[in-house]
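S.K.: quick one: sequence and predicted model below, then my questions.
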Amino acid sequence: MDFKNEYVGQIITILKNEHKAVNPSVITQKLGWNKDKIDEVCNLFSVKSFVEILRKIDGIKVEKDEHGTAYVTLGGKTNDSFSSKQVTNNEKSTQNLRKRIEHLLNLLNSGLYEKEEAIRLALLSAVAGESIFFLGPPGTAKSMISSRIHHTFKEDTKYFEYLMNEFSTPDEIFGSVKLKGLDEGIYEKNTKGYLPEANVAFLDEIWKSGPAILNTLLTIINEKKFRNGDKVDKVPLQVLLAASNELPKEKAGLEALYDRFIIRTMVNPVSMENEDSFFALCEKSGKELVVPENMKSNLLTIEEVQNWSERINEAALTDNIKEVIMEIRRELEVKNQEKNREEKEKYYVSDRRWKKIIHLLKTSAFLCDREEVDLMDLQLITYCIWNTPKQREEVKSIVKEIVQEHGLECTTAIDDIEQQIKVFEKYIDETFYQESKEKPKLYKMQDGHSAYKLISPLKIRSYNNQQIKLFYISEKDVHKYNDRIGAYYDDNKEVIGDYDYCIYPNSFTLDNGNSSIEWDDWYMRRSYGNNYKHTAEIEISEAKLEKKTELFKNSNILNPVLVYCENNRYLPIANSIDKELNALQAFRSKIEKTYDENLFADKSFKEAITSKIEEEKKKLEDAKLELDKQKSRYEK
């Protein structure tokens with residue numbers, strides 16, 4: 001490895017982030033270099049002081065103030081410089097980082113089936129310096145995933161793996177006691193090859209280990225420290241991956257350790273629906289991952305990842321993202337207040353955990369070459385806030401629904417457009433239509449004749465003093481007799497009786513604004529005189545709009561009106577709708593690119609984010625249909 005390039009790149013990165021002149025000591029502090037490290041680097045550059053290194057770097061300017069204190073800024077250039085061309089490799093390591101990480105993910109997924117989710121979350125955890133827990137049955141490649149995360153880093157990265165059981169001892173995890181020194185009362189472990197010296201560690205069946213192991217793990221995860229005899233050693237652990245086929249048992253004192261695993265995800269067998277993947281898995285041997293030569297330049301170093309920390313923290317949380325996160329927190333509280341909710345199903349996400357979750361979101365943004373967290377990153381929250389299987393499914397819905405409701409700020413002029421369409425409709429009503437008068441409503445009978453419907457069925461006496469019940473009555477010449485008209489009908493619209501059940505000629509009248517009728521029964525009047533007049537209320541048609549016949553008949557008057565209506569009434573609204581639809585599509589194209597390029601969130605989550613765009617699009621398309629519907633009312 002060219003350490004000179006690495007160090008120069010790190011120094012330049014720090015100065016770029018400072019945006020102001022700084023004392024050289026600020027740089028060494030941010031690099032985490034102590035005196036021994038500074039001396040080591042100075043020897044590498046063949047100089048006597050750190051300031052001399054800075055003076056040799058092309059692009060860095062070192063000046064002193066009136067008190068003789070040195071300050072460093074970007075922008076200087078010297079003849080005796082460490083050429084900026086020498087830092088090309090280091091700059092490449094941070095330029096287009098997303099493409100580099102994408103290549104790594106492709107490498108890690110090669111030869112595995114349906115493990116993409118676990119792989120990407122594990123790599124994200126490794127870069128963020130957080131722990132991850134895999135829940136799943138045995139034989140689902142959990143240890144292979146962890147081993148591959150180790151291969152993400154260059155060869156000098158140390159790896160530790162262990163399968164826990166109830167008889168596991170601390171010595172098997174943290175190293176055995178050094179015999180030398182015991183006589184003098186020195187109790188110190190030989191940690192070489194064990195977890196305290198590992199950068200990447202995998203502990204399988206973690207909940208089966210005893211309290212002595214778990215308590216030490218808690219300190220290692222919390223503080224990155226390991227107490228070894230009288231000393232407290234700093235642990236270089238970058239990521240701890242743990243797995244089990246069960247969740248920690250309740251009231252077993254495991255809550256604190258379980259809480260330290262920020263990401264929790266399922267690792268399942270190959271699904272029944274994916275036959276090709278299943279048989280490919282069965283027929284191919286599970287070889288250890290071999291990193292091709294052309295991929296080695298993409299591998300990470302622990303030092304590189306740790307130096308990304310500041311840049312990750314600089315990723316911005318916009319007001320919109322903050323609002324959505326707060327809405328998720330509020331919804332969890334609402335769920336906790338639900339009646340009959342079991343205590344174990346209540347959510348608790350500590351401030352510390354939220355802080356780490358936000359660090360994960362920022363890490364995702366940084367690795368995807370973004371300067372701010374976006375809505376797609378928020379899908380990662382679903383892996384971080386559940387404790388039980390029920391919660392695991394519930395949080396998916398919570399996060400999805402909150403993002404749908406509060407995520408995209410996607411407003412259109414739909415309200416104004418809908419109002420314009422109402423005005424357009426009114427204009428059409430007034431210009432091309434007139435209101436018809438109310439008139440009796442006619443129904444078609446079974447024999448094809450038209451008849452009036454009585455609002456209330458009427459009982460009358462007719463031929464041979466028969467009591468009959470009328471539902472409909474017609475004044476048409478149904479029976480073809482010159483001395484009588486009409487007919488009576490039952491509720492099935494069938495003729496009642498024969499030609500003797502009808503109306504006396506010239507006795508049928510409409511009255512009360514055509515809402516009632518009067519008539520004499522033919523047989524009863526003919527046989528008994530004038531005392532058999534009947535009255536009944538009938539149904540009438542409501543007033544409705546009808547086209548102005550005279551207007552549509554006169555093309556000389558109609559055509560100019562149609563042209564005006566098209567150009568001055570219809571087209572402005574139609575153009576507004578098209579403009580809004582085009583703006584929506586442009587907005588979608590703009591944001592979808594970053595959503596599609598997210599390497600760590602579930603791709604299907606994009607549909608939840610963009611659903612508001614689809615809703616607005618549907619409203620506009622419906623408005624266009626309504627507009628065209630109104631237009632069709634006046635077209636020939």
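M.R.: Structure's in. What do you need?

S.K.: only C-alpha atoms for contact and neighbour calcs from this point on.
M.R.: Noted.

S.K.: what distance do you get for Ile263 to Leu380?
M.R.: With distances taken as CA to CA, to the nearest Å, Ile263 is found 8 Å from Leu380.

S.K.: between those two, who's got more neighbours?
M.R.: Ile263 (26 against 22; other CA atoms under 10 Å).

S.K.: Three-state assignment for the more buried one, please.
M.R.: strand (DSSP: H, G, I helix; E, B strand; the rest coil).

S.K.: who are the contact partners of it?
M.R.: Counting by CA atoms under 8 Å, 6 or more residues apart in numbering, Ile263 makes contact with 121, 125, 131-133, 383-384.

S.K.: of the residues you listed, closest to Lys178?
M.R.: Distance to Lys178 across those (CA to CA) is lowest for Ser131, with 29.4 Å.

S.K.: that closest one - how many residues pack around it?
M.R.: 24.

S.K.: any idea how far Lys234 is from it?
M.R.: From Ser131 to Lys234 the distance is 17 Å (CA to CA).

S.K.: same deal with Leu571?
M.R.: For Leu571, the distance to Lys234 - CA to CA - is 73 Å.

S.K.: doesn't Tyr347 make contact with Trp386?
M.R.: Yes: contact criterion CA atoms under 8 Å: Trp386 and Tyr347 qualify, at 7.4 Å.

S.K.: with neighbour numbers in mind, choose between the two.
M.R.: Trp386 (24 against 18).

S.K.: let me know the secondary structure of that one.
M.R.: What three-state DSSP gives for Trp386 is coil.

S.K.: how about the nearest residue to it, chain neighbours excluded?
M.R.: Spatial nearest neighbour of Trp386, excluding adjacent residues (CA to CA, 6 or more residues apart in numbering): Arg392 at 5.2 Å.

S.K.: go ahead and confirm that neighbour touches Thr382.
M.R.: Yes: between Arg392 and Thr382 a contact is recorded at 7.5 Å, counting by CA under 8 Å.

S.K.: confidence-wise, which helix or strand of this protein is lowest on average?
M.R.: helix 88-94 (a mean of 43; mean pLDDT, DSSP states H and E).

S.K.: quick check: next helix or strand after it?
M.R.: Downstream of helix 88-94, the first helix or strand assigned by DSSP states H and E is helix 97-109.

S.K.: what is the end-to-end distance of stretch 488-499?
M.R.: 10 Å.

S.K.: stretch 292-299 too?
M.R.: 11 Å.

S.K.: with stretch 435-448 instead?
M.R.: Termini of stretch 435-448 sit 29 Å apart (CA to CA).

S.K.: tell me which residues in that stretch are buried?
M.R.: 440-443, 445 (16 or more other CA atoms under 10 Å).

S.K.: now swap in stretch 189-198 and tell me
M.R.: Neighbour count says stretch 189-198 has 189, 191, 194-198 buried, by 16+ other CA under 10 Å.

S.K.: start to end distance for that stretch?
M.R.: 15 Å.

S.K.: can you list contacts of that stretch?
M.R.: 157-160, 172-178, 201, 226, 228-229, 235-237.

S.K.: for it, what is the distance to the chain centroid?
M.R.: 42 Å (CA atoms, centre = their mean, to the nearest Å).

S.K.: Lys469 in helix, strand or coil?
M.R.: strand.

S.K.: without its sequence neighbours, what residue ends up closest to it?
M.R.: Of all residues not flanking Lys469 in the chain, Lys459 sits nearest, at 4.4 Å (CA to CA, 6+ apart).

S.K.: for that neighbour, grab the count of nearby residues.
M.R.: The burial count for Lys459: 12, using other CA under 10 Å.

S.K.: could you do Ile262 as well?
M.R.: Neighbour tally, Ile262, other CA under 10 Å: 21.

S.K.: surely it touches Ile357?
M.R.: Yes: counting by CA under 8 Å, Ile262 does reach Ile357; the two are 7.1 Å apart.

S.K.: between these two, what contacts are shared?
M.R.: Common neighbours of Ile262 and Ile357 (CA under 8 Å, 6+ apart) are Cys384.

S.K.: among the buried residues of stretch 189-198, which are located in strands?
M.R.: Using DSSP state E, the subset of those located in strands is Lys189.

S.K.: pull the most distant pair out of the buried residues of stretch 189-198.
M.R.: The most widely separated members of the buried residues of stretch 189-198, counting by CA to CA, are Lys189 and Ala198 (14.7 Å).
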